[in-house]
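K.L.:
one predicted model, sequence on top.
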Amino acid sequence: MGQKTNRVARTCDTLAFLSYCASMSTGARAALALAEALIPGSSRLAAADEVTVRRTEELVGSLHPALLRAWNAAQGALDTAAYARRGRRFHALGALAQDELLRQFELDPILGKPLALI
């Protein structure tokens, strides 16, 4: 019985997560996916999540509103580049494909700039 309960709980968590993701804008999904890919977490550092993204947006916006617009534009540029290179938005790619793209972006003379901004 305990295994069935755990499976049901995981299914509910998955459905809630998918529902939450569906309600997010494309920009919010890109921001979250980029944050999760850049800060995967470790034994000493928590993985990035929605709170990380929200707090970072607040910090960047408090520095200067134009900086927040640039930060959002950088995320949009990387999300669009992912679509152009892989045919899928950044958040829709698997972790391995995201990591590979980030490494390509780092070496790209144009896409390295928005990546450095975020």
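P.N.:
Thanks, I have the structure now.

K.L.:
how near is Pro40 to Ser62?
P.N.:
Note on Pro40: its distance to Ser62, by Cβ to Cβ, to the nearest Å, is 26 Å. (Glycine included, C-beta is placed from N, CA and C.)

K.L.:
try His91
P.N.:
Separation of His91 from Ser62 (Cβ to Cβ): 26 Å.

K.L.:
what about these two, which has more around it?
P.N.:
A count of neighbours by other Cβ atoms under 10 Å puts His91 above the other of His91 and Ser62, at 20 against 10.

K.L.:
what helix or strand is the residue nearest to the spatial centre of the chain located in?
P.N.:
Residue closest to the mean C-alpha point of the chain, counted by Cα atoms, centre = their mean, is Ala33 at 1.6 Å. Element membership of Ala33, judged by DSSP states H and E, is helix 26-38.

K.L.:
list the buried residues of that helix.
P.N.:
Neighbour counts over helix 26-38 (16 or more other Cβ atoms under 10 Å) mark Ala28, Arg29, Ala30, Ala31, Leu32, Ala33, Leu34, Ala35, Glu36, Ala37 as buried.

K.L.:
got the angle between whatever helix or strand comes next after that helix and helix 26-38?
P.N.:
Next helix or strand after helix 26-38 toward the C-terminus (DSSP H and E): helix 50-63. Angle, helix 50-63 to helix 26-38, by axes from the mean of the first three to the mean of the last three Cα atoms, to 10 degrees: 110 degrees.
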